[in-house]
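In: Here is my input, please return the structure:
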Amino acid sequence: MSPFFQVTLRTSDVAAARAFYASVLGDVVLDVVQLHEQAVARGARPHWLGFVEVGDVDLTAAAFVARGAAPLGPKWVNPAGLEAAVLRDPGGAIVALGKPPGPTTGSGVDWFLLNTNDVERARANYGELFGWAYKAPLELGALGVFHPFSWGREGPVVGSMSDLSGRPGVHPHWLFHFPVAGFDAAVEAVKRGGGVVAGPMTLPSGERIAVCDDPQGAAFALRHEGVRS
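Out: The predicted model follows:
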C-alpha cells in the first residue's frame, strides 16, 4: 500500500503563508516552499501538493504515464534526500510520487479528497498502482456521490473521490483536510487572515468541515477534530 506521507505548500509568499497557517492551525510543523518560477510560467497557482510513497519513483512514474498521466518536469532529489516526481494524473489533479530518505511521521492531514473528472479511471489508477481499496459509494445529496478509500484492504477509510461532473468552476485537485480542535476559531482565523471560507457544513456523519482558500489562493479544508463517526 502507498499512502500520502507528506504534503507541501508551494506558494508565492512563504513568510506570509507560514504566518497565516500558524494563526489557523496553531503550532503545527508544515512544509512550505516557494512556488518554482517554471511552474508559475506554466500557469500554476499556489497549491498544496501531496506525495504518495513509492518504492521506485522512475518505475511508478512510467507506469502512471502509461495510464495517461503527464509528467510535470524531471525527477528530482532535494538536499534531505527525498526523491520525487510531480505528475498531472489522468483526471487532471496534480500529485507527486516520492521515495523518502527514511521513516516518515505522517502528513498532518487526516482526510484526503480527490476531486476528479473521471472517478472510475481514478479508482482504477490509484487502486492498481498504489494498492488502495474502496468501500461502498456514499450518496450525499447535493454534494454528490463519494467513493471512500483506504490505503489497503484492512485499513481504515482515509479519504474519498468525488466526480466533478455538474460542478462548473471546480478544477480537478487533491483537497487536504487538516484537523482542528477549535473549529470555529480556526474558521474565523481564515477569514481574519484574508482567506476565503466556503461553508462551514455538517456532513451526515456529524463532522463539520470548511473548504478554504488561503490568501495566496491555495485550497485546503478544515475538519473538526475528533467528531468523525
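In: Ala210 bridge partners, please.
Out: Leu222 (DSSP bridges).
In: Wait, it touches Val196, no?
Out: No: between Ala210 and Val196 there is no contact under Cβ atoms under 8 Å: 10.2 Å. C-beta coordinates here come from the backbone N, C-alpha and C atoms, glycine included.
In: between these two, who's got more neighbours?
Out: For Ala210 versus Val196, the count of surrounding residues by other Cβ atoms under 10 Å is larger for Ala210: 21 against 13.
In: which ones are touching Phe220?
Out: With contact set as Cβ atoms under 8 Å, 6 or more residues apart in numbering, Phe220 has these partners: Trp48, Leu175, Phe176, His177, Phe178, Cys212, Asp213, Asp214.
In: which residues of the chain fall in helices?
Out: Ranges of helices within the chain are 14-25, 37-41, 57-66, 119-130, 183-192, based on DSSP state H.
In: so for the second one, what's the average pLDDT?
Out: Regarding helix 37-41, the rounded mean pLDDT is 78.
In: quick one: buried residues of that helix?
Out: Neighbour-count burial for helix 37-41, counted by 16 or more other Cβ atoms under 10 Å, picks out Ala39.
In: repeat for the fourth one
Out: Residues Val119, Ala122, Arg123, Asn125, Tyr126, Leu129, Phe130 are the ones in helix 119-130 that count as buried (16+ other Cβ under 10 Å).
In: next one: the last one
Out: Buried residues in helix 183-192, counted by 16+ other Cβ under 10 Å: Phe183, Ala186, Val187, Ala189, Val190.
In: right, and the first one touches Arg208 too?
Out: I take that to be Phe183. Yes: in this structure Phe183 lies within contact range of Arg208 using Cβ under 8 Å: 5.7 Å.
In: now for the helices of the chain, which one comes closest to Ile94?
Out: Put simply, out of the helices of the chain the one that sits nearest Ile94 is helix 37-41, at 9.7 Å, with distance taken as Cβ to Cβ.
In: Can I get the lowest-mean-pLDDT helix or strand in the chain as CSV, trimmed to CA atoms?
Out: The helix or strand with the lowest mean pLDDT-type score in the chain, counting by mean pLDDT, DSSP states H and E, is helix 37-41 (a mean of 78). Extracted in CSV, the C-alpha atoms of helix 37-41 (Å, rounded to 0.1, in the frame of the first residue of the first chain):
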residue,chain,number,x,y,z
GLU,A,37,9.2,30.1,-11.4
GLN,A,38,8.9,27.4,-14.1
ALA,A,39,5.7,26.3,-12.5
VAL,A,40,4.5,29.9,-12.4
ALA,A,41,5.4,30.2,-16.1
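In: Residues in contact with it: which ones?
Out: Applying Cβ under 8 Å, 6+ apart, the set of residues contacting helix 37-41 is Arg10, Ser12, Leu72, Gly73.
In: So what sits opposite the first one in the bridge?
Out: Which is Arg10. Here Arg10 sits in beta bridges with Val33, His47, as judged by DSSP bridges.
In: number of nearby residues for it?
Out: Residue crowding around Arg10 was assessed by other Cβ under 10 Å; the count is 24.
In: Contact partners for it?
Out: When contacts are taken as Cβ under 8 Å, 6+ apart, Arg10 is in contact with Val33, Gln34, Leu35, His36, Ala39, Ala44, Pro46, His47, Trp48, Leu49, Ala218.
In: repeat for the second one
Out: For Ser12, the contacting residues are Gln34, Leu35, Val40, Pro46, Gln216, by Cβ under 8 Å, 6+ apart.
In: Drop anything exposed from these.
Out: When neighbours are counted using 16+ other Cβ under 10 Å, the contacts of Ser12 contain these buried positions: Leu35, Pro46, Gln216.
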